[in-house]
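Q: My questions concern the predicted model and sequence given below.
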Amino acid sequence: MDKNLCKIQGGFWMTFLDDIRKIEDKWQKKWKEDQVFVGKINDTKPKWFLTVPYPYASGPLHIGHCRTYNIGDIFARYKRQSGYNVFWPMAFHITGTPVQAVAYQIKIKNEKIWKIYEDYVSIYEKDPTKIKSIVQSFENQENVANFFANAIIKDFLGMGFSLDDTRQFTTGDKEYNKFIEWQYKILNEKNLITKGSYPILWCVNDKNAVGEDDIQEGDLLKVEVNDFVGIKFRLNSGTSLVAATLRPETIYGATNVWINPDADYNEIEISGEKWVVSKEATEKLKEQDHEIVVIRKIKGKEFVNQEVTVPITKEKIPIYPATFVDTDHATGVVYSVPAHAPYDYAALVDLQNDEETIGKYTLDKERLEKIKPISLISVKGYGDFPAVELCEMLGVKNQKDKQKLEKATQTIYKDEFYSGIMKDITGKFKGLKVEEAKDAVAKKLKEDNLATEVYETSKKALCRCGGQIIVAVLEDQYFLNYGDKKWKETAFKALNKMVITPEKYRQAFENTFNWLDKRPCVRKRGLGTEFPLTKGEGWIIESLSDSVIYMAFYTVIRTIRENNIKPEQLKPELFDYIFLDKGKIKEVSQFTDISEEYITEMKESFEYYYPNDLRHTAIAHISNHLSFAIFHHVAVFPEKYWLPAFSLNELLIREGQKMGKSKANVIPIAQIPEKYSVDLTRLHLASIATADTVVDWRETEVNFALQRLRKFWEYANRSVDVVKTEILNPAFPSRIFRSSIKTNLQKALTAIGDFNIRDYVLEGFYGNIRVIDEYHKIAEHLQREERETVLKEAIEQIIIVMAPVIPHISEELHERMQHEGYVSLKQFPNIEITEDDKQNALQAKFISNLLDDIEEIVKLVKTTPQKIHIYINADWKNELYRVAQEIFEDEAVKIGKIMGVAKENKVLNKYMKEIADEAKQMLRDPSIFRIEMLSAEKQKKAIEGYKEFISRTFVNAEILVHVAGDKDIYNPQKKAQKARPMRPALLLE
RNA sequence: GCGGGGAUUGCCGAGUGGUCAAAGGCGCUGGACUUAGGAUCCAGUUCUUAGUGAUUCGGGAGUUCAAAUCCCCCUCCCCGCACCA
């Protein structure tokens, strides 16, 4: 299916992949058998409790999810090998609408969904005859959840994740429901749940709330709720025409009311008033929490020519007919603001020129002629009548020119909203920005009972069942009041104490906290825990509340399951006792009929493991799950159990494209082992990019990781049978090699300690492979025993340090090298970088620069040198640099200053003439004032140590080392004088 | 619009004041090894040059002995803006 894939599957290295796949299976079985990763209380070690949010069990996970869990696993393994008793459990999220929606679509035989789910199932079920019946079984929502929960846990274990899989549960479990009920009891006790009305999208057919999934093409339409203001324009009879608008501030510019003459309207009685709205609007308003009685049905034309009073301005304006008025939109009545609304202007011009209509409705022509736009907003870049200007500019022909009118409306709305200022005619609102005036005018109108809320969908939409989608208002809706001042303050307090990594995401949390306000917390759709305050009414706790404090539930679920404790026994008093240390065990035990032993076990488990030391997930969850987790923790738990740390990662794309069902470019986790192999995938995922960047999974680059992994495998296997000997006096290259490996490993461990997995792999794995490559080259002439011993030492250490990323290969090599126990549990070596190591590193760098320089010259002169003379600087130059560096710490270096100081310096004052030249040279590149130097002696030693290798590199040229300033050195071209610290002069012959 | 994050050499991606012409990978070019190899190894991949110098890190202006990195302005891209998990 994928051309690039063949590269990996068909290569000569197939045996390698076959081998390591077997190894992966082998070690996963062993870990499982020995329960290596099952959490057990252990008082001899500090505990470390990791969670990665449980996945949603409505479909298979893919390599993008894998990135997140992979990072979690690397942390878990890192901590385990750093001496912690690590606890990383896993469960499944099934509440809310998705699982239910899948079941429903399968049931109604939605072909597209069937096809998708047959594909999904075929990832796991190899027997094609069984697939259809499994999908069929998804009619029952439990089967969906069970199937995918099982599949996902297998995926995870198949990736070698060091999970405790003995604590699985789903958010639909009865026991879990009890826990969520308890959570809500606490929130309610703390007055964090409030009531109010709330507009929602609603299907008139199902009589039920709908979400994006329920709407036909909902993912494309993105239907939203719009808040209209229905303004009452009173007729002389006392009845009001209710005209709906998104721009109430334009009431000052109203010139007339538009009504659709041929459409059906109703006169209705509502809250003791009489209104006229369209037939459709009548039905919508009924759902928007209004008691309505229809008094009579009327055609729109009956109102034409009548007069209404404009609220606030008290102007009398006429009602005119207009066909653009859509009775199925808001109230079906609109008022005209031709100065600022393109539709209105176009309709007005149309009407003024339409003799036929004027005649038909016997309109007062003189009055109609007199209607002129009334300007009420001044806006930069426009004159008094933006609508007129734009209509002319875009060439709007008439009110049927919808496309252009729509564009003009949008443009004006945006420009006026953000940069418009209310003019003098708007009374007390003059000078306000439109942005502010809009709400202020609406508020005033509502206060004076001149307007009402009217909700309408942003787009016309149909439910999948075929019913129309409207906006309904639910009365007495329950909200979580995240706006509660004290709650928010406490949440901020918790956030401020938390580690957020990468730190740049802290801002996103702060922003989320700031805009968080009341949030509806119950709904009628989907799976979940019944809302305890309204039992029997069919209200379900919305599913985000299922994923905020559940980490605590991991600590008790095993006791509940193992001892067959019934959901009914999980009373609030029990959780109060376990989690909040409230009440007495005796009473709780009697009350719940759970033995004191089990209660104690649960309490101890919770108190041992909590808090949840690190929660790792993708950044998409910042503005919901993660923020709510902080809020709910501070509401429910005492401060010592608040969340200490979150770490985050960006998403993963493939070959530059987002993965999506429709694109067929998804790599399911289940296919990773056979497609790539596990350790390869883990390695590549970890090293491909830093956590805060979007990862692009590209096949050609996976190939690189594969080749390095194989190389490491080969190097390591060559070392397996080596018997290490004691190296009494290691050669120069061996010393450098040891230091380099050590330094890289140390950098790697520091990096992962800082949550920087990429650098950890780059330094510890790829960096060290390069060091080994290099050693193979330079150590060719050394004794075999020395080489092999030094290499084996290094590889043994790399295996331990890199085990968190490539655990299977590491276990296998660890075993092949006859080491006892699991490398997964082996503590990292304690690495200390000594002064010697630093000197070694400096010497290595010195040599590498020297080689580059020689090569450079060889290339330029284009001949092979017989002799290479290397001139090391005289020691006084080191002294000069040192002095200059000292000066530089305080001030910019000037020649005069250097000369002055040199004159006073016993070593330097003999070389004043040379120093003048040298200083000039130094000032050209101030960065040399920062370099670390080796003494002439050490430079010389380094070169001597590599002499053999340098010579070999340049076709056995003779290497001659001279120190400038020594007597009688060979110096025909006066190169010796040019030698500088760390930069020997060269002469090639 | 508001809020957040970005813009690096052919591409992907490191790098936040000094050996940075800028890690690493991919791609490309040349060579080596090979029956062959998409494997491996070596060299090159801004221009210039006895190891030098010049110009580069979205655009512009500035601070500094020194700027991809700090300050200011501008342009463009991505993400979030709630009942969706």
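A: Great, that's in hand. Numbering: from 1, shown residues only, chains lettered A, B, ... in the order given.

Q: list the helices and strands the host helix or strand of A:Val293 packs on?
A: Taking DSSP states H and E as the definition, A:Val293 sits inside strand A:292-299. Judged by 3 or more C-beta pairs under 8 Å, 6 or more residues apart in numbering; DSSP states H and E, the packing partners of strand A:292-299 are strand A:264-270, helix A:279-287. Backbone N, C-alpha and C define where each C-beta goes, glycine included.

Q: That one pairs with which strands?
A: Based on DSSP bridges, the strands next to strand A:292-299 in the sheet, each with its direction, are strand A:264-270 (antiparallel).

Q: what angle do the strand it pairs with and helix A:279-287 make?
A: For strand A:264-270 against helix A:279-287, the angle between stretch directions is 30 degrees (axes from the mean of the first three to the mean of the last three C-alpha atoms, to 10 degrees).

Q: for strand A:264-270, which positions count as buried?
A: The neighbour-count criterion (16 or more other C-beta atoms under 10 Å) identifies A:265-268, A:270 as the buried residues of strand A:264-270.

Q: before we move on, back to that, now do whichever helix or strand comes after the strand holding A:Val293: everything it contacts.
A: Following the chain from strand A:292-299 toward its C-terminal end, the next helix or strand by DSSP H and E is strand A:307-309. Outside of strand A:307-309, the residues within contact range by C-beta atoms under 8 Å, 6 or more residues apart in numbering are A:233-236, A:240-241, A:257, A:315-319.

Q: Closest one of these to A:Phe591?
A: Closest to A:Phe591 out of the contacts of strand A:307-309 is A:Ser240 (59.9 Å), distances taken as C-beta to C-beta.

Q: who's in contact with the closest one?
A: A:232-234, A:273-276, A:308.

Q: Can you list which of those residues are found in strands?
A: Secondary structure of these is defined by DSSP state E; positions in strands are A:232-234, A:273-276, A:308.

Q: Looking at the helices and strands packed on strand A:292-299, which is nearest to RNA strand B?
A: helix A:279-287 (15.9 Å; C-beta to the nearest atom of the strand).

Q: Quick one: mean pLDDT over the closest one.
A: Computed over helix A:279-287, the mean pLDDT rounds to 91.

Q: Distance to RNA strand B and secondary structure for the contacts of strand A:307-309 - can I get that in CSV?
A: Compiled in CSV, the contacts of strand A:307-309 are given as follows (distance: C-beta to the nearest atom of the strand, whole Å; DSSP: H, G, I helix; E, B strand; the rest coil):
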residue, distance to RNA strand B, secondary structure
A:Phe233, 30, strand
A:Arg234, 34, strand
A:Leu235, 36, strand
A:Asn236, 41, coil
A:Ser240, 30, strand
A:Leu241, 30, strand
A:Val257, 31, strand
A:Glu315, 32, coil
A:Lys316, 37, strand
A:Ile317, 32, strand
A:Pro318, 36, strand
A:Ile319, 35, strand
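
Q: quick revisit: please produce a ChimeraX select command covering the buried subset of the contacts of A:Ser240.
A: Only the buried entries of the contacts of A:Ser240 go into this ChimeraX selection, using 16+ other C-beta under 10 Å:
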select /A:232,233,234,274,275,276,308
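
Q: need the contacts of A:Ser240 in TSV with pLDDT, can you?
A: As requested, those are arranged in TSV below (pLDDT from 0 to 100):
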residue	pLDDT
A:Lys232	94
A:Phe233	94
A:Arg234	94
A:Glu273	92
A:Lys274	94
A:Trp275	94
A:Val276	94
A:Val308	94
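
Q: Tally up the residues packed near the residue lying closest to A:Ile895 once chain neighbours are set aside, please.
A: Here the nearest residue to A:Ile895 in space, its sequence neighbours aside, is A:Ala919; by C-beta to C-beta, 6 or more residues apart in numbering that works out to 5.0 Å. For A:Ala919, the number of neighbouring residues by other C-beta atoms under 10 Å comes to 19.

Q: Same check on the one 5 residues further on?
A: Other residues near A:Arg924 number 7, with proximity taken as other C-beta under 10 Å.

Q: same thing with the one 5 residues further on?
A: Other residues within reach of A:Phe929, judged by other C-beta under 10 Å, total 17.

Q: Leaving aside the residues adjacent along the chain, what's closest to it?
A: Nearest non-adjacent residue to A:Phe929, counting by C-beta to C-beta, 6+ apart: A:Phe888, 4.1 Å away.

Q: Could you say which helix or strand holds the one you found?
A: helix A:875-890.

Q: Same question for A:Leu791.
A: With elements taken from DSSP H and E, the one containing A:Leu791 is helix A:784-802.

Q: How confident was the prediction at the residue most central in space within chain A?
A: The residue lying closest to the centre of chain A (C-alpha atoms, centre = their mean) is A:Ile619, at 1.8 Å. What the model reports for A:Ile619 is a pLDDT of 89.

Q: Can you mark which positions in the longest helix belonging to chain A are buried?
A: Of all segments of type helix in chain A, defined using DSSP state H, the longest is helix A:835-861. Neighbour-count burial for helix A:835-861, with 16+ other C-beta under 10 Å as criterion, is recorded at A:837, A:839-844, A:846-847, A:850, A:854, A:858.

Q: and which of the residues you listed is nearest to A:Gln507?
A: The shortest approach to A:Gln507 among those belongs to A:Ala841, at 37.6 Å (C-beta to C-beta).

Q: before we move on, back to that, list the helices and strands the longest helix of chain A packs on?
A: helix A:732-753, helix A:936-953, strand A:985-988.

Q: which helices and strands does the first one pack with?
A: Packed against helix A:732-753 by the contact rule (3+ C-beta pairs under 8 Å, 6+ apart) you find helix A:63-80, helix A:757-761, helix A:768-778, helix A:784-802, helix A:835-861, helix A:936-953.

Q: With A:Val883 as the reference, name the closest of those helices.
A: Closest to A:Val883 of the helices and strands packed on helix A:732-753 is helix A:936-953 (C-beta to C-beta; 16.1 Å).

Q: For the residue lying closest to A:Val823 once chain neighbours are set aside, the count of nearby residues, please.
A: Spatially, and ignoring its direct neighbours in sequence, A:Val823 is nearest to A:His814 (3.9 Å; C-beta to C-beta, 6+ apart). Around A:His814 sit 22 other residues, with neighbours defined as other C-beta under 10 Å.

Q: Next: A:Gly656.
A: For A:Gly656, the count of nearby residues is 8 (other C-beta under 10 Å).

Q: What pLDDT is listed against the closest residue to A:Leu61 other than its chain neighbours?
A: The spatial neighbour of A:Leu61 that comes closest, neighbours along the chain excluded (C-beta to C-beta, 6+ apart), is A:Ile669 at 5.1 Å. The model reports A:Ile669 with a pLDDT of 93.
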